[in-house]
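Trainee: turn this into a structure:
(chains A, B and C, ligands or ions: 2)
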Amino acid sequence: TELRLSHQWSTKDIRHQVAQIVADEVAAADVDLEITIFPSKSLFAPREQYNPVSRGQLDMTVLPLSYAGGQQPAYNLTLMPGLVRNHDHAARLVDSPFMDSLEEIMAEDDVKVLVHGYLAGGFAGVDKCITSPDDIQGLQTRAAGRAFEQMLAGAGASITSMASSEIYNGMQTGVLQAANTSSSSFVSYRIYEQVKCYTPASETALWFMYQPLLMNLTTFNDLSPAQQEALTAAAAKAEAFYLEQAKAEDAASVETFKAAGVEIAEMTQDDFDKWRALAMETSYAEFVAGYPAGQDLLDKALAVE
Amino acid sequence: MSGQTTGASARTGDNPFLKGVAFLSLLSGWTAATLIVVSVMITCQMIFVRFVLNQSTIWQTEAVVYMMIAATMLGLPYVQYLRGHVNVDLIPLALPPRLRKALFFVTMLTGIAIICVMTFYSYEYWHIAWERNWRSDTVWGVRLWIPYLALPIGFALFVLQMIADTVAVAIGVDTPFGLEE
Amino acid sequence: MDPLLLGLLVAFFTIFVLFSGVSVATGLLIVSAGFLIAFDGMRSLELMPEIMFGKLNNFALLSIPMFIIMGAAIASTRAGADLYEALERWLTRVPGGLVISNLGACALFSAMSGSSPATCAAIGKMGIPEMRKRGYPDEVASGSIAAGGTLGILIPPSVTMIVYGIATETSIGRLFLAGVLPGLMLVALFMAWSLYSTARSGNMQVLAKVSYTWKEKFEILPRVTPFILIIFGVLYAMYGGVATPSETAAVGALLCLVIAMIIYKLWNPKDLWVVLRDSTKESVMILFIIGAAGVFSFMLSSLFITQSIAAWIGTLDVNPWVLMLAVNIFLLIAGFFLPPVAVILMAAPILLPIITTAGFDPIWFAVILTINMEIGLISPPVGLNLYVINGIAPDIKLKTILMGSLPYVACMVIAILLLCFFPGIATWLPDYVMGPAV
Ligand code: NA
Ligand code: NA
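Mentor: Numbers count the residues shown, from 1 in each chain, chains lettered A, B, ... in the order given. Ligands and ions are numbered 1, 2, ... in the order given. The predicted structure is shown next:
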């Protein structure tokens, strides 16, 4: 059996490596299962992957689940400010009733999670450090994700939407004064050349994005027990690697920014609480207003210690 | 030798069907042109809001992209009417009139078939988005059936104009590939 | 089936279908659907509209119609004539001032228009009759404008550079800057040939100086200042922190429309509609090709053809310059037949990995590719600019235009060679303005 996996990242990216581990392990298990990876959007545009997977036209993908947040509002909880505090907390969230409920919703779309994983990110400022809500006031800001845009707008930032690939250019020409994105994007787009200060994800961080390896559920169920077993075993191995690398990536981004002479700021517990209080009034409130059934899910997520 | 002949357009003669389709294409084209002009305005407004007022620009980028897609789709029948879809007619030129006419019908019918397929599947795509109330994953959160609607409408009108063009050659109002006999 | 063999089959059918007279975009959809059904089953067919929507769902594409409107608005006025007249009145010490000025005007106009046919039409409308009246040979009058017009896609803004930037994910701002110096170099080569060829035709007195009084020199200036302002305004917006290149295009379009209306009294709704109609026509044609080419490249990737070709080229142990020569010949041939946008979209996903693996700079390659596309615009069988000239000056035989254009093709080949020996001509300016590349 041949399965096709599509994703948007380069072959150096962690998320590609996660997919590669699954493909390699499954091939090594010798159960007549072959996974062909189509990296770097060579098959589908990033936001055009969820539908084909849910309809079985594509077998697997690795993507931020929030891309499909317009179809399943519950997915917006996978990119909510302050809902995850650090990578260990993220790992506990993955093993919680919250994730079980999310997986039930995914099953309605005929989608199954093979590998869970969160990646973190931070803030960067062209002229100053961004740690608390007061810092962002009046800055032209690019935020990653709708809930973050709502929270930052609540803090008085001016939101401008652009692709993460445009951040560098935007900062260089002065269109943009602050940005929020993932640690890997900060490094791969060389944002360290344009900013004075970087607030990375560390002990407490705001920005965590759930980016699982998904598979079409029917396709999975149609595999032989041996094939399913091989896939599950490969996925477990990949998931451990994913968590470890996600932590390493944050640390590596700090090193890169330091080496470029960028000031490194830290978000204190006090800052985090201020952001979270703001998020409660803005992003969380708007999430529940638009999707009343989401309150229960939100409570489940908040209940994870 | 190029299909990009300036100033040409589909010939309708006195045929009411051909005239009716031409009118629809024209209407569609006006809409497309209007959408392009409006996107110019919105983009300028966005720069003003951001650069001069230093305020948030939430909806503009997305709105403009959807309007541009709609302009492209609704522009299809009109550009077909204007003979503006660039083509390479090396084989038709090399053929004698009878074979050229036969080739014309083969290419047009194949083209019509593929655009019918596009029309059908874009209708389904639109219908799912409408039925399940899909929205975009932005703060603006626009209902996706609105931008998706441009696909089935644009393709359907496009196919109509292609049918009209085929009919025009069949009844002798126009020549195959717009080439002189 | 072996993907490489399948690729050969796709290439064969694509050529056959595209030459059959069906429009390029529809042809790409036909070929894609055919191969998807045959080798991937019906499941992929369903996806075609979504893939097209996904390809067009890109803010950077907005700048294509905008940069086309900029050129079309100005082209509908007598601005082209003003530009070359002004240049001629100030270039009194230069022999052959008129053809030099026309080429200069092409270059300046290129800085306001993203497309080549528009540039050709804008300058040629008045420029060709004027040159012929003053005794320039038909070959030079028509050839120089046909060639000068091609600069529209090399000197920024450029629709093809935008498409290349999107297809290869390279910075459009950087690509625009890369085209500036090669564009000026081409203008210089074109000028040199025009003078030489006019002199050789024996008609020396047309090259004689025409002198203008200071009054004549100054009274024309107000008529060209708006355009100089537009060019610098757009450049400032793009590189000065006001807006991204895509957004800047909208400002440029609005400015050009407003200036055409106020200064050139383009009030009549009918005339305005012509501008809008022509821009819509060209933009939709290009955007449909972009969408259809997206489906085509999905097919190539889905059937593993793109990947296999890249892997196969990787195993070939050839000299990079031999590879570059092969790539150029391929582009040249493709450009003879197909519109630049289609060539870029179909070739970029396959060529770019090859180019970068061989150690070439993608920004530099964009310039090489663009000049190849420019050659295609003035060569048979599908030379868009040749037909524009034919439309402007119907009494010049197509063959004469073609013969007149050939030497300019030679100039472009020389430019490609110079760029190969001195890549800095393309890469210096973007590196200087925007810092060294990744
Ligand atoms: Na240009
Ligand atoms: Na050509």
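
Trainee: count of neighbours near A:Glu203?
Mentor: The local packing of A:Glu203 (other CB atoms under 10 Å in any protein chain shown) involves 11 other residues. The C-beta positions use only the backbone N, C-alpha and C, and glycine is treated the same way.

Trainee: what's the burial count for the closest residue to C:Met373 other than its chain neighbours?
Mentor: Closest residue to C:Met373 apart from its sequence neighbours, by CB to CB, 6 or more residues apart in numbering or on different chains: C:Pro340 at 3.8 Å. C:Pro340 is flanked by 28 other residues according to other CB under 10 Å.

Trainee: got a list of contacts for the helix or strand containing C:Leu332?
Mentor: Using DSSP states H and E, C:Leu332 sits in helix C:320-337. Residues outside helix C:320-337 that contact it (CB atoms under 8 Å, 6 or more residues apart in numbering or on different chains) are B:88, B:90, C:18-19, C:313, C:316, C:343, C:346-347, C:351, C:354-355, C:358-360, C:368-369, C:372-373, C:375-377, C:379-382, C:416, C:420.

Trainee: from the residues you listed, which are also near ligand 2?
Mentor: C:376, C:379, C:382 (CB under 5 Å from the ion).

Trainee: test my guess that the last one contacts C:Ala342.
Mentor: Okay, so that is C:Val382. No. With contacts counted by CB atoms under 8 Å, C:Val382 stays clear of C:Ala342, the gap being 10.5 Å.

Trainee: out of everything not next to it in sequence, what's closest to B:Val64?
Mentor: Nearest one to B:Val64, counting by CB to CB, 6+ apart, is B:Ser39 at 4.6 Å.

Trainee: surely that neighbour is in a helix?
Mentor: Yes. When classified by DSSP: H, G, I helix; E, B strand; the rest coil, B:Ser39 is found to be part of a helix.

Trainee: circling back to that earlier point, how about the residue nearest to C:Met373, what does it touch?
Mentor: Residues near C:Pro340 by CB under 8 Å, 6+ apart: C:153, C:160, C:370, C:373, C:376-377.

Trainee: including secondary structure, neighbour count and pLDDT, could those go into JSON lines?
Mentor: Below are those laid out as JSON lines (DSSP: H, G, I helix; E, B strand; the rest coil; neighbours: other CB atoms under 10 Å in any protein chain shown; pLDDT from 0 to 100):
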{"residue": "C:Ile153", "secondary structure": "helix", "neighbour count": "30", "pLDDT": "94"}
{"residue": "C:Thr160", "secondary structure": "helix", "neighbour count": "28", "pLDDT": "93"}
{"residue": "C:Thr370", "secondary structure": "helix", "neighbour count": "27", "pLDDT": "96"}
{"residue": "C:Met373", "secondary structure": "helix", "neighbour count": "25", "pLDDT": "94"}
{"residue": "C:Gly376", "secondary structure": "helix", "neighbour count": "26", "pLDDT": "92"}
{"residue": "C:Leu377", "secondary structure": "helix", "neighbour count": "26", "pLDDT": "91"}
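
Trainee: of those residues, closest to A:Arg47?
Mentor: C:Thr160 (25.9 Å; CB to CB).

Trainee: all helices for the stretch 151-300 of chain A, in order.
Mentor: Using DSSP state H, counting those that start in this stretch, the helices of the stretch 151-300 of chain A run over A:167-173, A:183-188, A:217-221, A:225-259, A:269-279, A:285-290, A:294-303.

Trainee: out of those, the one nearest chain C is which?
Mentor: helix A:167-173 (4.0 Å; CB to the nearest CB).

Trainee: residues touching C:Ile375, list them.
Mentor: Contacts of C:Ile375 (CB under 8 Å, 6+ apart): C:150, C:332, C:335, C:409, C:412-413.

Trainee: repeat the analysis, applying 10 Å as the threshold.
Mentor: Residues in contact with C:Ile375 (CB atoms under 10 Å, 6 or more residues apart in numbering or on different chains) are C:147, C:150, C:328, C:331-332, C:335-336, C:383, C:405, C:408-413, C:415-416.

Trainee: ditto for C:Leu9
Mentor: Here C:Leu9 is in contact with C:1, C:35, C:38-39, C:305 (criterion: CB under 10 Å, 6+ apart).

Trainee: much appreciated, bye for now.
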